[in-house]
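Student: Would you be able to build a 3D model of this:
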Amino acid sequence: MQKHPRQMQTRHFIPAVFVTVLSVGLLTAPFVRAGLYLLGVTAGSYLLANIAASVDVARGTGLGLLLLLPVVFTLLHMSYGIGFVAGLFKFRRLWRQAEGTMPPGAGSERIQEIE
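Tutor: From the prediction side, this is the model:
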């Protein structure tokens, strides 16, 4: 996202939003009934979509993967979402840089030849 922000599409933000909504639901559920509903609707919707996608993929690759695919999809989405949110916090100081400049360490350094 830092190097090529124009390549980002809506689908790239979905796992981060998913992780954020789950986190808000988990943190508020013990105190507010709305947090419990948020958590239930989010987790339930994801579970149904995950099972549907797993069945669809397993049909084409073999039903032996059906039990493994929901776990793999969950790990993939959670790790992507957590990494995305963590990256937003880690690199927040770079957001104010002028557009078109590269942050240090992102390939903007000049490679010097060894003489």
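Student: Distance of the residue lying closest to His77 once chain neighbours are set aside relative to Val85?
Tutor: Leaving aside its chain neighbours, His77 sits nearest to Pro15 (4.8 Å; criterion: Cβ to Cβ, 6 or more residues apart in numbering). Where C-beta positions appear, they are placed from N, C-alpha and C, glycine not excepted. For Pro15, the distance to Val85 equals 9 Å [Cβ to Cβ, to the nearest Å].
Student: Compare neighbour counts for those two and give me the winner.
Tutor: The residue with more neighbours, out of Pro15 and Val85, is Pro15; 19 against 16, by other Cβ atoms under 10 Å.
Student: these two touch, right, the more buried one and Phe84?
Tutor: Yes: if you go by Cβ atoms under 8 Å, Pro15 and Phe84 touch, sitting 6.4 Å apart.
Student: Could you name every residue contacting both of these two?
Tutor: Residues touching both Pro15 and Phe84 (Cβ atoms under 8 Å, 6 or more residues apart in numbering): there are none.
Student: what's around Leu67, how many residues?
Tutor: Neighbourhood size, Leu67 [other Cβ under 10 Å]: 10.
Student: Check the secondary structure at it for me.
Tutor: Assigned with DSSP: H, G, I helix; E, B strand; the rest coil, Leu67 falls in the coil class.
Student: Just the pLDDT for it.
Tutor: Leu67 carries a pLDDT value of 91.
Student: helix or strand right after the top helix by length along the chain?
Tutor: Counting by DSSP state H, the longest helix found in the chain is helix 33-61. Per DSSP states H and E, helix 33-61 leads on to helix 69-90 as the next helix or strand towards the C-terminus.
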